[in-house]
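Student: Need coordinates for the following:
(chains A and B)
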Amino acid sequence: ETGVTQTPRHLVMGMTNKKSLKCEQHLGHNAMYWYKQSAKKPLELMFVYNFKEQTENNSVPSRFSPECPNSSHLFLHLHTLQPEDSALYLCASSQDGLGGGSQETQYFGPGTRLLVL
Amino acid sequence: ILNVEQSPQSLHVQEGDSTNFTCSFPSSNFYALHWYRWETAKSPEALFVMTLNGDEKKKGRISATLNTKEGYSYLYIKGSQPEDSATYLCAFTLYGQNFVFGPGTRLSVLP
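Tutor: Below you'll find the model as predicted:
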């Protein structure tokens, strides 16, 4: 149990659907992250939030829309996805992602397995 | 673009065997190297954060070493057990930069 939860664990959606992924951390951290893992590829960073402000968008298509209403919650809103967006989406958090935060451990949730039909 | 490589891609060992695998990363401007263990359908679990050349870390039967000058880290598992079966990930960072993950080494320990 890492203290980071994600819902749903599995999601099947059509290309015209709108859905949202939810992440919650119970660790009192100030930085939260979305990662994507496609088949046979390394984990790929999508977005970073520090103190509720987005600090990184790794050239992610606009059909993925993140939202961070507070330091404990992170959402990924999905709209008109493509079949190639089918992947495992992982959320993570760390104490403080600012500046030299790359020595900080990131704590991961179990992921949402997304299938786009 | 930073490239982090891990080898082998996968391996199968017998229970009781010791094993090791490698993470290779750019040697310039190194800041930190993270190791994670990721069991199927679970969350990746942090094992070690390594920051200094020559670092050695140990957690039970698992240990890791770091060589920042040549850009590699080794992860060792002594006396592998079936519960060690997982994918082992390394992530490299530059100062103030986000993680760059390697593709992982998938370990299967056969009873």
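Student: and residue 58, what does it touch?
Tutor: This is for chain A. Residues near A:Asn58 by CB atoms under 8 Å, 6 or more residues apart in numbering or on different chains: A:Glu44, A:Leu45, A:Met46, A:Phe47. (Glycine included, C-beta is placed from N, CA and C.)
Student: nope, chain B please
Tutor: B:Ala64.
Student: And the one 10 residues further on, by the same measure?
Tutor: Residues counted as contacts of B:Thr68 (CB under 8 Å, 6+ apart) are B:Ser27, B:Phe30, B:Leu52, B:Asn53.
Student: Quick check: the farthest pair among these?
Tutor: B:Ser27 and B:Leu52 (13.9 Å; CB to CB).
Student: how close does A:Ser20 sit to A:Thr7?
Tutor: 10 Å (CB to CB, to the nearest Å).
Student: Closest one of the contacts of A:Asn58 to A:Ser59?
Tutor: A:Met46 (9.2 Å).
Student: which secondary structure element contains the closest one?
Tutor: Element membership of A:Met46, judged by DSSP states H and E, is strand A:44-50.
Student: what packs against that strand?
Tutor: If contacts are counted by 3 or more CB pairs under 8 Å, 6 or more residues apart in numbering or on different chains; DSSP states H and E, strand A:44-50 sits against strand A:31-37, strand A:53-57, strand A:64-70, strand A:73-79.
Student: one more time with 7 Å, if that's ok
Tutor: If you count contacts as 3 or more CB pairs under 7 Å, 6 or more residues apart in numbering or on different chains; DSSP states H and E, strand A:44-50 packs onto strand A:31-37, strand A:53-57, strand A:64-70.
Student: which residues are in contact with the shortest one?
Tutor: Spelled out, that is strand A:53-57. For strand A:53-57, the external contacting residues (CB atoms under 7 Å, 6 or more residues apart in numbering or on different chains) are A:Leu45, A:Phe47, A:Val48, A:Tyr49, A:Pro66, B:Asn98.
Student: Which pair in those has the greatest spatial separation?
Tutor: A:Pro66 and B:Asn98 (14.8 Å).
Student: okay, now the closest residue in space to A:Asn70 that isn't next to it in sequence: neighbour count?
Tutor: In this structure, A:Asn70 finds its nearest non-sequential neighbour in A:Lys52, 6.3 Å apart by CB to CB, 6 or more residues apart in numbering or on different chains. The number of residues packed near A:Lys52 is 15, by other CB atoms under 10 Å in any protein chain shown.
Student: So the closest residue to chain B within chain A: helix, strand or coil?
Tutor: Evaluated by CB to the nearest CB, chain A has A:Ser102 as its residue closest to chain B, separated by 3.4 Å. Here A:Ser102 takes the helix state, with states given by DSSP: H, G, I helix; E, B strand; the rest coil.
Student: these two touch, right, it and B:Ala32?
Tutor: Yes. Using CB atoms under 7 Å, A:Ser102 makes contact with B:Ala32 at a distance of 5.5 Å.
Student: got any residues that touch both of those two?
Tutor: B:Thr93.
Student: what's around the closest residue to B:Asn67 other than its chain neighbours, how many residues?
Tutor: Excluding the flanking residues, the one nearest B:Asn67 by CB to CB, 6+ apart is B:Asn53, at 6.5 Å. Per other CB under 10 Å, the neighbour tally for B:Asn53 reads 12.
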